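K.L.:
Okay, sequence plus prediction incoming.
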Amino acid sequence: MPWRPSFLIAAGLGLVILFLVLVFGGRQSPLPGDLQPAATAPPPKIQALAVGQSARRSPRGRAAHTARKKPPPAGELEPQAEPELKLPGKSQFQRRLAAGGRLRELSRALRADGSNLEAVAAETWKLRPALLKADGQPLIDILKTPPEKVSTRSLQFLLGLLTRPPRDLHSLKLANRIHGDDPLGNDLLVRLWTRGGSYPAEEIAAAERLLRHLFQIAGFSLEEGFDVLATPRKGEDVFPHQGGYSWAAGLYFPGDGYCTVQSTLAPPFRSEVLRHELIHKLCDRLLEDYFSSRLIVEGLPEYLRLLRPGNGRLRVPNRRLADDFALLISQIDRLRGKSVPMDDFDPRKLLSLPAKKFYALRSFSYLMAQAAMAYIGPAAIEEAFRCRSSRPIADAVQRIQWPDFLEFIRDNAREGFPERAIVVEDPHPLEALLQEEPAEAKELIRSALRDLGATVAENIDLDPRLFSASEERINADEAVREALLTLLQAAADGAGGEAPPLLFLDPDCAADSLFSLAENPRLFRAPLSKKTLEGWDRKSFTEALGRLIGHGGGQEALLLPSPERLSEATQDQKDLPLEAIFCVAGTDEAARREIRSRWSSRLLSEEEMRRELSRFYAAAFERSWLFVRTALVVDLGEGKSDALPLAEGIAASQGFKAAVAFWDPQKPVAAKEGSPPRE
């Protein structure tokens, strides 16, 4: 969940004060009853991709892990000299995992009878250089206290925070480990760490091919390699204090040198996120001033992730950008539809747009930055790589003229489909909007557009969802087909022992209402057949859906619960990505009553009510901590049910990154030609 700097400062100071009380309050004295460790506020989370922040590096691109020692300020204790502790691993992240096992041993030793406090403290302090900022910066600062002044209780507390959740080679496994005698993966270019040791090998291999291609062009290599932590919560389930943002698909932490990816994402999207985050690290090590502009920070990964070996150096074919350009044009047209003139828009000003405003515009900023990279061409990027500076890119962007740039985007968007666009959004929480404050978000969007030269009147309502990257994809036939195929595959996997996808029905689905499945050649083509789903009423259709996804033999459909109770209904799938079909034929009167009570001052129109329902469902799914991989929401009410707000809410709760689709199976298909699958 989002959090504010003021809260962070208070929490951090509280933890520091508590620890100092523990340390200087007596080595063996118990803690006061109102200061038990379990009740302590967690330390604040660290920054990722902060403006001006870059990881330490040597001129040849290697991460420098030592620095010249500086004398302490007057009055500060000089830390005692300790023998250097050698830990295995090329990267800081590897050394942290190696230290994790030792920290766990020390924690057990301290709890044993007759433990030697001084020896355990001394060994713990030797491991300080291996810790990450993700462990919690206040904890690392506290470790500057001389070890001989620490008490048993406070050392137990400290070791508990450093080992729970576990962060070692027993809890994190390499998904692409080559041989058994190299648990740290020193021979790997990309080390993909997961809690279960499973991740699609083809996604890792594709990312490595791209990195090697970029190395060849840039004349650069990174000997320490790349560490990626892939978990359902983008690493926060391993490093609770690292930081993150609900709609970020992944993150790169320059100070610690590792990336995170949300492992529950739909596979096509997840592979793009992996490439985007890896390119962040490559560019950070390669370009000394990489973080000088958000346009460059996000534009380079969004452009270069689409590069494929064999494309010819750093040129991405414009046809591969067509879908992203089509989404950008649709957003520009949407702004004009909101009476926001774009004639004086100046994309060059994105170079100096503050991070918070850049991320306020969500996918619009990312798409503009990506288009700018395509427009200036690969020569400027290659020159930046050669001189190890982003200045050639910034100079080329400064020469962009809006009319020519817009024509370039429109020309190359003609063959694209916005519903197929993929935008990898990965802001740091302190640099992005807070979703709980729509008024502040709207004002930030208005201010950002004005900074870019657009004319925005005070009475123009600019909802942040205007720039949601994939919201319109929910209704696409291709999204429905993709969801059905994914559920079919999950059902096939379930035949081998896994649970099949879930099927939820609301009470109105049992009614004997007539049902007629519409023809849809874009949806029903091999291996999907209309015949397998045809039914004469709602009940027979939902039974056919159940058979399609592996139900039968005792596996029954579930009554659709309220969003708050959905996590209870899916208890058997706790910590697993949710794959389900939701069939909705009626309206959610309980949710509607709650929304009316919030808006008691006026009567909401049906359009306003459905918009509030979407927000209601999104908030409920976020609170439930459910990770949705695939969700197909089926409207059996012929457009009169609350199925569409449910689909929009589920998609929004997952940051529009999961495979969520809305389907009205009785709606006649328009005569226009549909979008072919994305290559």
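P.N.:
Happy to help now that I have it.
K.L.:
Leaving out sequence neighbours, find the closest residue to His170.
P.N.:
Gly101 (6.8 Å; CB to CB, 6 or more residues apart in numbering). C-beta here means a position set from N, CA and C on the backbone, and glycine is covered the same way.
K.L.:
phi, psi of Pro645?
P.N.:
Note on Pro645: backbone dihedrals following degrees, to the nearest 10 are phi -60, psi -30.
K.L.:
That one contacts Leu613, doesn't it?
P.N.:
Yes. The pair Pro645 / Leu613 is scored as a contact, 3.7 Å apart, by CB atoms under 8 Å.
K.L.:
neighbour count winner among the two?
P.N.:
Under the neighbour definition other CB atoms under 10 Å, Pro645 and Leu613 were set side by side, and Pro645 has more, 25 against 22.
K.L.:
Relative to Leu484, how far out is the more buried one?
P.N.:
Counting by CB to CB, to the nearest Å, the separation of Pro645 from Leu484 is 21 Å.
K.L.:
Kindly report the same for Ser597.
P.N.:
With CB to CB as the criterion, Ser597 and Leu484 are 38 Å apart.
K.L.:
The two: who's more crowded?
P.N.:
Counted by other CB under 10 Å, Ser597 and Leu484 do not tie: Leu484 has more neighbours, with 23 against 8.
K.L.:
element containing the more buried one?
P.N.:
Using DSSP states H and E, Leu484 sits in helix 477-494.
K.L.:
Report the distance from that helix to the chain centre.
P.N.:
23 Å (CA atoms, centre = their mean, to the nearest Å).
K.L.:
What of stretch 580-599?
P.N.:
Going by CA atoms, centre = their mean, where stretch 580-599 is centred and where its chain is centred differ by 28 Å.
K.L.:
now do the same end-to-end measure for that stretch.
P.N.:
End-to-end distance of stretch 580-599 (CA to CA, to the nearest Å): 32 Å.
K.L.:
try stretch 193-207
P.N.:
In terms of CA to CA, the two terminal residues of stretch 193-207 are separated by 15 Å.
K.L.:
Sort out which residues of it are buried, please.
P.N.:
Neighbour counts using 16 or more other CB atoms under 10 Å place Trp193, Thr194, Arg195, Tyr199, Glu203, Ile204, Ala206, Ala207 of stretch 193-207 among the buried residues.
K.L.:
in the stretch 151-300 of the chain, which segments are predicted with low confidence?
P.N.:
244-247 (pLDDT under 70).
K.L.:
Show the residue spans covered by the strands in it.
P.N.:
173-174, 190-194, 226-231, 250-253, 258-262 (DSSP state E, counting those that start in this stretch).
K.L.:
Give me the helices and strands touching the first one, please.
P.N.:
It stands for strand 173-174. Helices and strands in packing contact with strand 173-174 are listed as strand 190-194; criterion 3 or more CB pairs under 8 Å, 6 or more residues apart in numbering; DSSP states H and E.
K.L.:
Who are the packing partners of the strand it packs on?
P.N.:
Strand 190-194 makes packing contacts with helix 92-111, strand 173-174, helix 201-218, strand 226-231 when contacts are defined by 3+ CB pairs under 8 Å, 6+ apart.
K.L.:
Buried deepest among these, which one?
P.N.:
strand 226-231 (a mean of 25; mean count of other CB atoms under 10 Å).
K.L.:
tilt between it and helix 92-111?
P.N.:
With axes from the mean of the first three to the mean of the last three CA atoms, to 10 degrees as the basis, strand 226-231 and helix 92-111 are set at 60 degrees to each other.
K.L.:
Now find how far off-centre strand 226-231 is within its chain.
P.N.:
What separates the centre of strand 226-231 from the centre of its chain is 12 Å, taken as CA atoms, centre = their mean.
K.L.:
Pull that strand out as PDB, backbone CA atoms only.
P.N.:
Extracted in PDB, the C-alpha atoms of strand 226-231 (Å, rounded to 0.1, in the frame of the first residue of the first chain):
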ATOM      1  CA  PHE A 226      22.100  -9.700 -12.800                       C
ATOM      2  CA  ASP A 227      20.100 -10.700  -9.800                       C
ATOM      3  CA  VAL A 228      16.300 -10.900 -10.100                       C
ATOM      4  CA  LEU A 229      13.900 -11.700  -7.300                       C
ATOM      5  CA  ALA A 230      10.600 -13.000  -8.600                       C
ATOM      6  CA  THR A 231       7.800 -13.400  -6.100                       C
END
